[in-house]
Structure formats: structure tokens, C-alpha cells
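**Student:** The following block contains a protein sequence and its predicted model.
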Amino acid sequence: MKLALVVLLATSANAMAAPDADVCYSAPQPLSMSASKPTQPQHLTAKTTLECPRAGNHTLPQLVQAGWRIVAVSDESMSPIPTPTMSFRVVIERDQ
């Protein structure tokens, strides 16, 4: 009976564990803002390497294979002087 209770409590604790999360970014890409040279669309692909503080540097397929779930994807445009850039932000999570 005690063993069953210990197993039940351990299983419950694991099921209620908070997920681990990370925010990843692709390398910034320069954007052309001139009228003579229009901005080229940027794409997030399976080959894009993402820099993640906790998960490390990986592509989307590698993150999924490591047990991470893609929660959100967005693009970020920045306007630093002299060249504006664009990168992708990817929020990931996995159960601990």
C-alpha cells in the first residue's frame, strides 16, 4: 500500500511539473528600405538556425526532435543606424 502511494505521488508530481520555456532568435538579416531596391521577404525555414539561451543553437526540426514544442513565431524588425534588420523570434516549451 505504501509503495502504491509513493508511485502515485511521484507520478502526480511529474504530471504537474511546470513546462520549461525558452525564447529563440534567428540571426538578424539586413533589410533594404530604398525605393530602388525593395525589401526582400525573409522566410523562416527548416534550415534556419535559431539561437536559444537554454536550448542552444538549433533548427526547428532539431528543437522538435529534442522534445520542444513551438508555441509562437513572430518577426522583429529593428531600425538600428545605419542598417535596419529583421529576425524571427520563436517561443518554445517542453515538459520537464
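**Tutor:** Perfect, I can see it now. Residues are numbered from 1 along each chain as shown.
**Student:** Where in this structure is the helix or strand with the lowest mean pLDDT?
**Tutor:** Using mean pLDDT, DSSP states H and E, the weakest-scoring helix or strand in the chain turns out to be helix 2-15, at a mean of 46.
**Student:** after it comes which helix or strand?
**Tutor:** Counting by DSSP states H and E, the element after helix 2-15 in chain order, helix or strand, is strand 19-26.
**Student:** I'd like the average pLDDT over the following helix or strand past that next one.
**Tutor:** Sequence-wise, the next helix or strand beyond strand 19-26 is strand 29-30, with elements assigned using DSSP H and E. Summarised as a single mean, pLDDT over strand 29-30 is 84.
**Student:** Looks to me like Val64 is in a helix.
**Tutor:** Yes. The assignment for Val64, made by DSSP: H, G, I helix; E, B strand; the rest coil, places it in a helix.
**Student:** hang on, it packs against His58?
**Tutor:** No. Contact criterion Cβ atoms under 8 Å: Val64 and His58 do not qualify, at 9.3 Å. Where you see a C-beta, it was placed from the backbone N, CA and C, and this is true even at glycine.
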